[in-house]
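Colleague: predicted structure and sequence below. I'll ask about it afterward.
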Amino acid sequence: MSAPAPGDRLDWLTSVLWPTDTGGRAIVGGDRAGAANESYLLVPDRRRARFLVPARPRRAAAASVRAYNRLRDPRTRFARAALGAALATGIAPVALRDRLTVVSEEGGPSLLEHLRTEVFGGRDVVAAIGVGSPGPFRKPVLQLFSSRGVPVGFAKVGWNEVTRELVATEADLLARCGQAASSSFATPEVLHRGRWNDLELSVAAPLPVGVRRWRPWRALPPLDVTRAIADLADGGARDETLAGSSYWTGVRERLAVLRAPERSGARPAPRAEGSLVEVADTLADAIESRAGDRTVRIGAWHGDWSPWNFARDDGRFVVWDWEHGGLYAPLGFDVLHFHFQLAFIGDGRDLDVSLSESAAAAGPALRSLGIPDPEAVASLHALELVLRYEGARRAGSGTNPRFHGAALAALRERVPR
């Protein structure tokens with residue numbers, strides 16, 4: 001399945017989860033009693049739908065917006081608590097008039113029916129589903145509950161080349177975390193992984209019910225966690241010369257893919273893609289010339305180290321969303337990414353400003369990790385972001401206009417003159 005054209009978010013979601021050729025059909029409108037095996041309330045409405053809440057039973061519907069409320073900012077927490085109360089009392093369907101109904105037709109079971117059977121032993125499980133914002137990495141995520149409103153898991157759905165790989169990567173890393181059983185952090189257990197039709201599925205256990213929002217929000221987690229994650233690599237983190245490392249081999253291979261002829265179906269980048277790849281090549285050459293023979297610490301990394309992907313639970317540090325992680329990266333990437341995400345995503349700053357601010361903010365922590373050349377690692381992180389976003393665009397998964405519109409100029413600034 002290729003990336004749908006920009007447009008209605010709900011249409012995108014239904015085309016992924018309930019394609020007509022798999023035996024299910026999603027109908028936006030009134031509930032068809034007796035015909036539907038899934039029914040959702042659209043929050044806030046059909047035109048602006050951001051969240052699908054199970055229409056019944058009430059306890060599960062209320063739980064779907066109340067669960068993990070301590071992870072959210074106070075304003076969102078209050079709004080969700082109010083909606084949860086309305087769902088629990090049966091008032092909400094009066095205000096939330098728009099519904100989405102899934103009707104079974106000839107063919108196999110729906111995705112939710114598949115999960116009920118294959119993962120939960122036939123239990124009556126319902127789903128709450130985020131619609132998601134357009135972008136190269138968006139995918140459906142189903143928050144799963146028992147009919148009594150008890151969280152039972154999270155299901156991620158990879159639907160194209162890029163997101164299938166992301167879902168598989170996270171499942172691999174979560175399994176590795178479970179085997180490592182680190183005392184520095186905890187992760188959800190993988191309950192199921194596999195394929196359903198053309199979709200890559202991974203189901204993780206629910207988060208602990210007591211998880212609380214990370215505080216202070218802008219405080220970098222302890223560096224002991226960063227070191228423990230790095231040691232998830234085969235044989236643990238190790239010192240290698242940059243140019244001779246498996247990480248650098250991977251960078252060169254990814255650059256070669258970007259130099260290959262454009263794939264059909266990939267959307268044009270807002271800037272000249274060829275120039276972006278040329279500058280990325282130039283930056284890689286400059287880094288290798290400057291630091292190729294230097295020793296760097298290579299290990300695993302989370303890949304999306306940001307305060308919305310971890311929390312506290314009675315003193316435990318709990319981490320999720322490992323999709324962008326990997327086993328081979330320079331130590332310090334997660335530190336840089338934490339500050340970058342706060343600036344670029346959290347504060348909405350321009351790409352170039354976000355890269356500069358993250359490099360400056362990460363400096364003390366990088367030196368504490370024993371990294372002798374923080375500037376080189378910051379340049380490598382900037383290169384990693386280009387490989388990530390441009391690789392997704394080349395695979396036909398779309399663009400992030402804020403990133404691609406500024407990537408060429410931002411990368412040129414980091415090439416030594």
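Modeller: Here it is on my side, so go on.
Colleague: going forward, measure contacts between C-alpha atoms and count neighbours the same way
Modeller: Noted.
Colleague: pull the distance from the helix or strand where residue 174 lies to the chain's centre.
Modeller: Element membership of residue 174, judged by DSSP states H and E, is helix 161-180. The chain centroid and the centroid of helix 161-180 are separated by 11 Å, computed with CA atoms, centre = their mean, to the nearest Å.
Colleague: got the CA positions of the strand or helix carrying residue 113 in PDB?
Modeller: Per DSSP H and E, residue 113 falls inside helix 111-118. Output of helix 111-118 as PDB, limited to C-alpha atoms (Å, rounded to 0.1, in the frame of the first residue of the first chain):
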ATOM      1  CA  LEU A 111      -8.200  -6.600  12.300                       C
ATOM      2  CA  LEU A 112      -9.800  -6.300  15.700                       C
ATOM      3  CA  GLU A 113     -11.400  -9.700  15.300                       C
ATOM      4  CA  HIS A 114      -8.000 -11.100  14.300                       C
ATOM      5  CA  LEU A 115      -6.400  -9.600  17.500                       C
ATOM      6  CA  ARG A 116      -9.200 -10.900  19.700                       C
ATOM      7  CA  THR A 117      -8.600 -14.400  18.400                       C
ATOM      8  CA  GLU A 118      -4.900 -14.500  17.900                       C
END
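Colleague: what is it packed up against?
Modeller: strand 125-130 (3 or more CA pairs under 8 Å, 6 or more residues apart in numbering; DSSP states H and E).
Colleague: what's the strand it packs on in contact with?
Modeller: For strand 125-130, the external contacting residues (CA atoms under 8 Å, 6 or more residues apart in numbering) are 50-54, 60-61, 64, 112, 116, 140-147.
Colleague: stretch 140-148 too?
Modeller: Residues contacting stretch 140-148 (CA under 8 Å, 6+ apart): 13, 17, 57, 59-60, 63-64, 123-132, 151-158.
Colleague: what's in contact with the helix or strand harbouring residue 377?
Modeller: In this assignment (DSSP H and E), residue 377 forms part of helix 374-394. For helix 374-394, contacts defined as CA under 8 Å, 6+ apart pick out 136-137, 162, 254-255, 258, 262-263, 266-267, 269, 280, 283-284, 287, 291, 330, 332-333, 336-337, 355, 359, 363, 366-367, 398-400, 403-404, 407, 411, 414.
Colleague: now, of those residues, which are buried?
Modeller: The neighbour count (16 or more other CA atoms under 10 Å) marks 136-137, 162, 255, 258, 262, 266-267, 269, 280, 283-284, 287, 291, 330, 332-333, 336-337, 355, 359, 363, 366, 398-400, 403-404, 407, 411, 414 as buried among the contacts of helix 374-394.
Colleague: take the residues you listed and keep only those in helices.
Modeller: Those of those mapping onto helices are 162, 255, 258, 280, 283-284, 287, 291, 333, 336-337, 355, 359, 363, 366, 403-404, 407, 411, per DSSP state H.
Colleague: rewinding a little: quick check: PyMOL command selecting the buried ones in the contacts of strand 125-130.
Modeller: Those of the contacts of strand 125-130 that count as buried under 16+ other CA under 10 Å are selected in PyMOL with:
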select buried, resi 50+51+52+53+54+60+61+64+112+116+140+141+142+143+144+145+146+147
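Colleague: filter the contacts of strand 125-130 down to just the ones in strands.
Modeller: Among the contacts of strand 125-130, the members found in strands (DSSP state E) are 51, 52, 53, 54, 141, 142, 143, 144, 145, 146.
Colleague: can you redo those residues as JSON lines with pLDDT and distance to residue 82?
Modeller: Below are these laid out as JSON lines (pLDDT from 0 to 100; distance: CA to CA, whole Å):
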{"residue": "51", "pLDDT": "93", "distance to residue 82": "15"}
{"residue": "52", "pLDDT": "96", "distance to residue 82": "16"}
{"residue": "53", "pLDDT": "95", "distance to residue 82": "14"}
{"residue": "54", "pLDDT": "95", "distance to residue 82": "17"}
{"residue": "141", "pLDDT": "97", "distance to residue 82": "23"}
{"residue": "142", "pLDDT": "97", "distance to residue 82": "22"}
{"residue": "143", "pLDDT": "97", "distance to residue 82": "19"}
{"residue": "144", "pLDDT": "98", "distance to residue 82": "21"}
{"residue": "145", "pLDDT": "97", "distance to residue 82": "19"}
{"residue": "146", "pLDDT": "97", "distance to residue 82": "21"}
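Colleague: can those go into a markdown table with extra columns for distance to residue 304?
Modeller: Output for these, formatted as a markdown table (distance: CA to CA, whole Å):
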| residue | distance to residue 304 |
| --- | --- |
| 51 | 23 |
| 52 | 25 |
| 53 | 27 |
| 54 | 29 |
| 141 | 17 |
| 142 | 20 |
| 143 | 20 |
| 144 | 23 |
| 145 | 26 |
| 146 | 30 |
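Colleague: among the residues you listed, which one sits closest to residue 296?
Modeller: residue 141 (36.3 Å; CA to CA).
Colleague: so what's that closest one bridging to?
Modeller: Assessed by DSSP bridges, residue 141 has beta-bridge partners residue 156.
Colleague: relative to residue 312, how far out is it?
Modeller: The gap separating residue 141 from residue 312 is 22 Å, by CA to CA, to the nearest Å.
Colleague: and what of residue 9?
Modeller: Residue 9 is 32 Å from residue 312, where distance means CA to CA.
Colleague: what do you get for residue 374?
Modeller: For residue 374, the distance to residue 312 equals 29 Å [CA to CA].
Colleague: and residue 120, by the same measure?
Modeller: Between residue 120 and residue 312 the distance is 28 Å, computed by CA to CA.
Colleague: give me the low-pLDDT residue ranges for the stretch 51-200 of the chain?
Modeller: Regions of the stretch 51-200 of the chain meeting the criterion pLDDT under 70 cover residues 105-108.
Colleague: one more pass at 80, please.
Modeller: 93-94, 104-108 (pLDDT under 80).
Colleague: for residue 47, give me phi and psi.
Modeller: As for residue 47, its main-chain torsions (degrees, to the nearest 10) stand at phi -70, psi -40.
Colleague: quick revisit: check which residues of the helix holding residue 174 are buried.
Modeller: Neighbour counts over helix 161-180 (16+ other CA under 10 Å) mark 161-175, 177 as buried.
Colleague: then stretch 285-303?
Modeller: Using 16+ other CA under 10 Å as the test for burial, stretch 285-303 gives 286-288, 291-292, 295-303.
Colleague: what of stretch 198-216?
Modeller: 199-207, 211-214.
Colleague: now those as a markdown table including secondary structure and distance to residue 386?
Modeller: Compiled in a markdown table, the buried residues of stretch 198-216 are given as follows (DSSP: H, G, I helix; E, B strand; the rest coil; distance: CA to CA, whole Å):
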| residue | secondary structure | distance to residue 386 |
| --- | --- | --- |
| 199 | strand | 26 |
| 200 | strand | 25 |
| 201 | strand | 27 |
| 202 | strand | 27 |
| 203 | strand | 29 |
| 204 | strand | 29 |
| 205 | coil | 32 |
| 206 | coil | 33 |
| 207 | coil | 32 |
| 211 | coil | 33 |
| 212 | strand | 33 |
| 213 | strand | 30 |
| 214 | coil | 28 |
